[in-house]
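> coords please:
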Amino acid sequence: MLTPDQNDMQSGEKPETPEEKLADRSSGPLTPTRAPKSTRRRSGPPPVIDFPPVPNGIDYLRSVVEHLNPATGGSPRDIKYAVLHLQAAAEVLLKARLSREHWSLVFADPRTATSAEHANASFTSCTTKAAVERLRNIAGISISDKEREALEDLAADRNKLQHYGLTFNAKVIEARAATALDFLVRFIDEHLEPELAKNGPLYLEMEVVRRGLKDIQSFVTKRMNRLRGNDLKDAEVRTLRCPDCQLMAMLAEPGLCRCCFCDKDWPAFDLADLLRTDEDPEPLYECPECHQQTLTDDAEFADGKPTLFCTTCAGRFSPAELGNCAACGSYCSTSDTASDGQTLCIFCAEDIRRQEQEEQERYWM
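Numbers count the residues shown, from 1 in each chain. A predicted model of the protein is given here:
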């Protein structure tokens with residue numbers, strides 16, 4: 001039960017509510033009264049949700065920069081919604097440009113597309129991966145392999161988060177999202193300019209997104225500058241790009257490389273499998289130093305030198321230093337030359353020496 005003090009009008013409380021007026025205590029109990037005609041809500045059409053594709057995508061991007069910006073977000077919950085909204089923005093914006101080529105291209109199977117289904121939006125649309133392929137192959141839009149990989153990583157993160165729950169390093173997700181966001185902002189500027197021109201307020205919306213992106217990139221830059229002054233100082237020869245956060249912040253160490261930005265530890269064989277060209281189906285090459293099959297050909301180091309890199313012993317070799325074994329094809333030092341002038345790895349050279357010795361022994365028996 002309220003006390004008399006609690007029942008008194010509180011600070012900021014107005015004597016009128018939409019449907020009742022508080023009567024003066026001396027005049028009697030509270031009596032309901034109708035609101036004056038001037039304050040009654042007029043009936044009208046219900047509110048309409050109207051977000052055409054490009055404004056819808058830009059609205060998602062505004063949400064992303066708010067969730068990723070360290071000043072307004074950055075918590076695990078913020079990063080979760082940043083991933084969900086960023087993937088939604090990517091799908092909407094990529095397909096908006098694809099539909100300009102032809103509306104049937106946004107269908108999962110363009111051969112079954114009908115105008116009625118398209119008008120009613122009652123169809124299964126293509127995946128983000130398929131949209132990227134069609135934009136590259138049909139619309140002739142330049143999307144680099146790294147940009148494609150960033151979008152595919154984003155889609156995978158979104159699916160895990162949405163359907164299975166995602167337990168992952170928040171710094172990795174944040175860095176990946178920033179890369180995809182940077183691509184989408186440039187994609188809008190370069191390929192969706194006509195849609196922006198038709199809607200003046202969208203320019204203002206995009207300015208908010210661009211400012212937010214700069215703040216996020218500034219945060220990443222500040223953190224990287226701190227690392228370059230500490231953990232990564234004078235370590236260009238053993239600093240390489242992390243496969244997860246894609247930043248030049250991973251230190252090459254024997255057996256276990258560690259990214260200083262996202263704190264990801266990489267066991268030798270896991271890292272070796274990632275740092276190889278996608279087109280190479282063969283097993284990894286054997287390192288001429290430690291003789292483990294962890295010699296990779298796709299590691300990118302901060303000093304920019306072409307490098308063959310062993311994730312087990314952290315050895316770096318220039319392509320000129322190594323040749324291919326004439327017997328097995330694996331990399332080996334060009335100094336390992338047989339008597340006939342062929343380059344042989346130590347294992348093949350030993351096998352040949354043993355076979356020759358066995359043949360001599362059989363001859364003299």
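
> rest of the way, CA atoms for contacts and neighbours
Will do.

> Apart from its neighbours in sequence, what residue is nearest Ala155?
Nearest residue to Ala155 in three dimensions, chain neighbours excluded: Gln87, at 6.2 Å (CA to CA, 6 or more residues apart in numbering).

> was I right about that neighbour contacting Ala156?
No: Gln87 is beyond contact range of Ala156, at 9.5 Å (criterion: CA atoms under 8 Å).

> still on that earlier bit, can you tell me which residues contact the residue nearest to Ala155?
Gln87 is in contact with 154-155, 158, counting by CA atoms under 8 Å, 6 or more residues apart in numbering.

> repeat for Ser63
By CA under 8 Å, 6+ apart, Ser63 lies in contact with 82, 85.

> And it, which helix or strand is it part of?
Element membership for Ser63 (DSSP states H and E) is helix 53-68.

> hmm, back to that, with respect to Phe347, which of the contacts of Gln87 is nearest?
Checking these against Phe347 with CA to CA, the nearest one is Leu154 at 43.7 Å.

> list the helices and strands the helix or strand containing that closest one packs on?
Element membership for Leu154 (DSSP H and E) is helix 145-159. Where contact means 3 or more CA pairs under 8 Å, 6 or more residues apart in numbering; DSSP states H and E, helix 145-159 is packed against helix 76-101, helix 128-137, helix 170-191.

> what do you get if the cut-off is 7 Å, keeping everything else the same?
Applying 3 or more CA pairs under 7 Å, 6 or more residues apart in numbering; DSSP states H and E, one finds that helix 145-159 contacts helix 76-101, helix 170-191.

> Next, the angle from the top helix by length along the chain to helix 170-191.
With secondary structure taken from DSSP state H, the chain has its longest helix at helix 200-229. Angle of helix 200-229 versus helix 170-191, following axes from the mean of the first three to the mean of the last three CA atoms, to 10 degrees, is 140 degrees.

> List the buried residues in helix 200-229.
202, 206, 208-210, 212-213, 215-217, 220, 224, 228 (16 or more other CA atoms under 10 Å).

> what's the answer for stretch 313-328, then?
313-317, 322-326.

> and it, how far out from the chain's middle?
33 Å (CA atoms, centre = their mean, to the nearest Å).

> for the residue nearest in space to the middle of the chain, what are its contacts?
Of all residues in the chain, the one closest to the mean position by CA atoms, centre = their mean is Arg176, 3.0 Å from it. Contact partners of Arg176, counting by CA atoms under 7 Å, 6 or more residues apart in numbering, are 150, 245.

> Please apply the same query to Ala299.
Counting by CA under 7 Å, 6+ apart, Ala299 has contacts 240, 275, 307, 309.

> Can you pull out the low-pLDDT segments for the stretch 201-350 of the chain?
For the stretch 201-350 of the chain, applying pLDDT under 70 flags the ranges 277-283, 326-327, 329-330, 332-342, 345-346.

> any weak-confidence spans in the stretch 51-200 of the chain?
Ranges of the stretch 51-200 of the chain meeting pLDDT under 70: 51, 165-169, 198-200.

> In stretch 136-147, which residues are buried?
141, 147.

> quick one: that stretch to chain centroid distance?
On CA atoms, centre = their mean, the centre of stretch 136-147 falls 17 Å from the chain's centre.

> and the residue nearest to Ser318 when sequence neighbours are not counted, how many neighbours does it have?
Spatial nearest neighbour of Ser318, excluding adjacent residues (CA to CA, 6+ apart): Thr307 at 5.0 Å. By other CA atoms under 10 Å, 18 other residues sit near Thr307.

> So Thr307 is in contact with Arg316, correct?
Yes: between Thr307 and Arg316 there is a contact under CA atoms under 7 Å: 6.1 Å.

> need the contact list for Leu135.
98, 141.

> could you redo the last one with a cut-off of 8 Å?
Contacts of Leu135 (CA under 8 Å, 6+ apart): 94, 98, 141.

> Give me the distance between the residue nearest to Ala155 and Ala178.
12 Å (CA to CA, to the nearest Å).

> hey, where'd the helices end up in the stretch 201-350 of the chain?
268-274, 346-364 (DSSP state H, counting those that start in this stretch).

> I'd like these as TSV, with mean neighbour count appended.
Formatted as TSV, the helices of the stretch 201-350 of the chain follow (neighbours: other CA atoms under 10 Å):
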stretch	mean neighbour count
helix 268-274	18
helix 346-364	12
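
> could you dump the ones you listed to JSON lines with distance to Leu135?
As requested, the helices of the stretch 201-350 of the chain are arranged in JSON lines below (distance: least, CA to CA, whole Å):
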{"stretch": "helix 268-274", "distance to Leu135": "27"}
{"stretch": "helix 346-364", "distance to Leu135": "49"}
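
> so which of those comes closest to Asp145?
So among the helices of the stretch 201-350 of the chain, helix 268-274 is nearest, using CA to CA, at 14.9 Å.
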